[in-house]
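S.K.: Need coordinates for the below:
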Amino acid sequence: MESILNSIFTRRSIRKYTNQAVLSDLIQTLLKSAMSAPSACNQQPWHFLVIDDRNTLNKLSAHNSGYSMLEEAPLAILICGEIEVATLKHFWTLDCAAATENLILAAHASGLGSVWLGVYPEEDKLTYIKEVLNIPDHITPFSLVSIGYPAETKESENRYDEDKIHYGKW
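M.R.: I've put the predicted structure just below:
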């Protein structure tokens, strides 16, 4: 349990990467971790697009200043939802968020750095990403995770705030 808690407490958003490639076995582990996330009614409405093409990463980076780290990243994974297959359609975003969190925790535990880049529900990002990555109409991009071996270190932060905890009733 200590290693799980350590990963949770020490994970930070990493935006600078070395040029070392992430091996396919490790990518597979990240994807298995993402797909092990809880899902409402076990609907698993997610799809994952692995992006390691330098030109594609640069295109995505150029669209939005918040995506600039993709210019250095050797890898990104796009988490998408297939809303029509979801049993409980209104929970697809929660399912994809859980998968995203599992992915970034697995990356950190594996010695990788990552940062969660928001996509959904911003229409301009959705449109651009769908166009660049040739995403079918029935698939909705949710989040994009930039991944690579860290070229920066960040101290862990204690984000625990007793003032935000309530017991029994507000």
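S.K.: mind checking how far residue 65 is from residue 115?
M.R.: In this structure, residue 65 and residue 115 are 14 Å apart, going by C-beta to C-beta, to the nearest Å. Glycine gets a C-beta too; all of them are placed from N, C-alpha and C.
S.K.: the more surrounded of the two?
M.R.: residue 115 (23 against 7; other C-beta atoms under 10 Å).
S.K.: That one in helix, strand or coil?
M.R.: Taken by DSSP: H, G, I helix; E, B strand; the rest coil, the conformation at residue 115 corresponds to strand.
S.K.: ok now do the nearest residue to it once chain neighbours are set aside, which residues does it touch?
M.R.: With C-beta to C-beta, 6 or more residues apart in numbering as the criterion, residue 115 has its nearest non-adjacent residue at 4.2 Å, and that residue is residue 13. Contacts for residue 13 (C-beta atoms under 8 Å, 6 or more residues apart in numbering) come out as 114, 115, 116, 154.
S.K.: residues in contact with the longest helix along the chain?
M.R.: Scanning the chain for the longest helix, with DSSP state H as the assignment, gives helix 92-109. Here helix 92-109 makes contact (C-beta under 8 Å, 6+ apart) with 3, 7-8, 10-11, 29-31, 33-40, 43-46, 48, 77, 79-83, 86, 113-116, 120, 140, 142-143, 145, 147.
S.K.: Buried ones in stretch 20-31, by neighbour count?
M.R.: 22, 26, 27, 30, 31 (16 or more other C-beta atoms under 10 Å).
S.K.: What of stretch 129-149?
M.R.: By neighbour count on 16+ other C-beta under 10 Å, the buried set for stretch 129-149 is 129-130, 133, 135, 139-149.
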